[in-house]
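Visitor: prediction below, plus the sequence it came from.
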Amino acid sequence: MTDDKNLENKEKTDGEKKEDRYEKVCMMCRRPESAAGPMIEMMNGLHICHDCMQRGFHAMSNANLDLASLLKNAPNVQFVDLGGIGEPLPKEQQIRKSEEDYVPFTMEDIPAPHRIKAALDQYVIGQEYAKKAISVAVYNHYKRLINEERKAEFDKENPEPDDPFVMRDDFVEVEKSNILMLGPTGSGKTYLVQTLARILDVPLAMTDATTLTEAGYIGDDIESVVSKLLAAADNDVSRAEHGIIFIDEIDKIAKKKNANQRDVSGEAVQQGMLKLLEGSVVEVPVGASSKNAMVPMKMIDTRNILFICGGAFPDLEEIIKERLNRHSSIGFHADLRDKYDDVPNLLKEVMTQDLRKYGMIPEFLGRLPVVFALDPLDEDMLVRILKEPRNAIIRQYQELLLMDEVKLSFEDEALRAIAKEAIAMDTGARALRAIIEKFMLDIMYEIPKDDNIGEVIITKEYIEHTGGPRVLMRGQGMY
């Protein structure tokens, strides 16, 4: 009898430990315990957060219980299905995220730079220097994480001496190298980082600088950048502190020229980002873009977060040309004003003084030591982008037509015609999809009408609007 009772108690204890792995979820606002704080347990295993309970008391104390107003003021609630109140969320959505679950990195977990670049080569065409630079930066980022973990163990074994003038054999700390990518629109800056996010197993947050403003003004605060990384890490501070943040459109926070009012979205944002880039402990909201009394806060150390900034920097070439034309404009040694007009990628000649003249403050640039420019896309690169990547645009349409049991193919001259038209649009690789969507519209509309169509061949004449595609019928010749 005693053994049966002990077995029953053991099963009960194991069940309680298993349930402890799951977070409680508020039945009103659906926020988990990690975001809303401690829960109030009610009957039938239901839970409600203190915020929603307080609003309920406030509504009842006014003798005017307006459910619509109560739900309107509840955090993170847009509408609530009354029939679904009390219905628990699936267990896999309630798993409690513990910082103790964080597994330290080892050298075996670090992908070598050539492996990262090889994975990028499957999706990104060209941009060899950019892929090499970002692969090395990520590789060093992983090794820096290991270095920080080793330093923590070193500090435990070698405490600081009591005498401040006695130096110990200290541990070598590796500083992070944040990255600044320059490149014309459509050259692949964002796509490069998006592809990197699929390859790596570290939290990666992507945001843009256009919505950032100085604290206290309408818009997102500077800390919202780190808040998005925390959300990508499932609110696990340990994982978030070892992640990567990509800030696009960084050129939009350049210092405004001849501004008669406070520059809250330009120079002020650059100054506010200095502490993030350098590394400091910041308080960030959980599940929101701005701080307020109803949003829980968490402290995050940004020393180990790798920042990658990207921007098109329009008209920066003119500043570079002005610097390169050092000689006077008259005399025997004068430079022609159009000497550098035909240089294909003038952004590669960029220097810190050019970016300062563009509107970036020197303190901000000093925290982005790795600066490189992406190559503009020429005709050959655009043709390769059309057919070589694993998820190339042409392959996507071929897959769509295969569902209708129709083969789609492109003539080489047709691909050249598409590339030339894309160059004329001057929007980079983004122009390719716009062009293909336009001429594939009629084909995608007409093919399902006739089950006898077996193959469609896109010709140069069809792209240039001087002819049509070639259509092959099933079991017949060309039509």
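Guide: Sure, I can see it.

Visitor: now do the buried residues in stretch 35-54.
Guide: 35, 36, 39, 46, 47, 48, 49, 51, 52 (16 or more other Cβ atoms under 10 Å). C-beta coordinates here come from the backbone N, C-alpha and C atoms, glycine included.

Visitor: quick check: the residue nearest to the second one when sequence neighbours are not counted vs residue 118, distance?
Guide: Closest residue to residue 36 apart from its sequence neighbours, by Cβ to Cβ, 6 or more residues apart in numbering: residue 49 at 3.9 Å. According to Cβ to Cβ, to the nearest Å, residue 49 and residue 118 sit 48 Å apart.

Visitor: now do residue 275
Guide: To residue 118, residue 275 is 36 Å away according to Cβ to Cβ.

Visitor: residue 215 reaches residue 264, doesn't it?
Guide: No - between residue 215 and residue 264 there is no contact under Cβ atoms under 8 Å: 9.3 Å.

Visitor: next up, phi/psi of residue 111, please.
Guide: Backbone geometry at residue 111, expressed as degrees, to the nearest 10, gives phi -70, psi 130.

Visitor: follow-up on the earlier one: what sits against the residue nearest to residue 36?
Guide: The contact partners of residue 49, by Cβ atoms under 8 Å, 6 or more residues apart in numbering, come to 26, 28, 29, 31, 36, 37, 39, 40.

Visitor: and of the residues you listed, the nearest to residue 322?
Guide: The closest of these to residue 322 turns out to be residue 31 (Cβ to Cβ; 54.3 Å).

Visitor: compute the number of surrounding residues for the closest one.
Guide: When neighbours are counted by other Cβ atoms under 10 Å, residue 31 registers 24.

Visitor: correct me, but it touches residue 23?
Guide: No - at 9.6 Å, residue 31 does not count as touching residue 23 under the criterion of Cβ under 8 Å.

Visitor: per-residue pLDDT of residue 217, please?
Guide: Note on residue 217: pLDDT of 76.

Visitor: before we move on, what about residue 114?
Guide: pLDDT, residue 114: 91.

Visitor: next: residue 181.
Guide: Looking at residue 181, its pLDDT stands at 92.

Visitor: tell me which element it is part of?
Guide: Element membership for residue 181, per DSSP states H and E: strand 179-182.

Visitor: direction included, what does that strand pair up with?
Guide: strand 306-311 (parallel), strand 370-373 (parallel) (DSSP bridges).

Visitor: pipe these into a markdown table and attach mean pLDDT per row.
Guide: Conversion of the strands paired with strand 179-182 to a markdown table gives the following (pLDDT from 0 to 100):
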| stretch | mean pLDDT |
| --- | --- |
| strand 306-311 | 91 |
| strand 370-373 | 89 |
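
Visitor: would you list those in TSV and tack on distance to residue 211 and mean neighbour count?
Guide: Putting the strands paired with strand 179-182 into TSV (distance: least, Cβ to Cβ, whole Å; neighbours: other Cβ atoms under 10 Å) gives the following:
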stretch	distance to residue 211	mean neighbour count
strand 306-311	15	24
strand 370-373	24	18
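
Visitor: ok, residue 131 - contacts?
Guide: Counting by Cβ under 8 Å, 6+ apart, residue 131 makes contact with 117, 120, 121, 124, 192.

Visitor: tell me the secondary structure for the most centrally placed residue in the chain?
Guide: Centre of the chain computed as the mean C-alpha position; nearest residue by Cα atoms, centre = their mean is residue 206, 2.1 Å away. Following DSSP: H, G, I helix; E, B strand; the rest coil, we place residue 206 in the strand state.

Visitor: what's the distance between stretch 265-276 and the middle of its chain?
Guide: Here stretch 265-276 is found 19 Å from its chain centre; the criterion is Cα atoms, centre = their mean, to the nearest Å.

Visitor: repeat for stretch 246-260
Guide: Mean-position distance between stretch 246-260 and its chain equals 19 Å (Cα atoms, centre = their mean).

Visitor: do stretch 36-48 as well
Guide: That offset, for stretch 36-48, works out to 35 Å (Cα atoms, centre = their mean).

Visitor: for the record, mean pLDDT for that stretch?
Guide: Mean per-residue pLDDT for stretch 36-48: 77.

Visitor: repeat that for stretch 187-205.
Guide: Averaging pLDDT along stretch 187-205 yields 84.

Visitor: right, I'll call it a day here.
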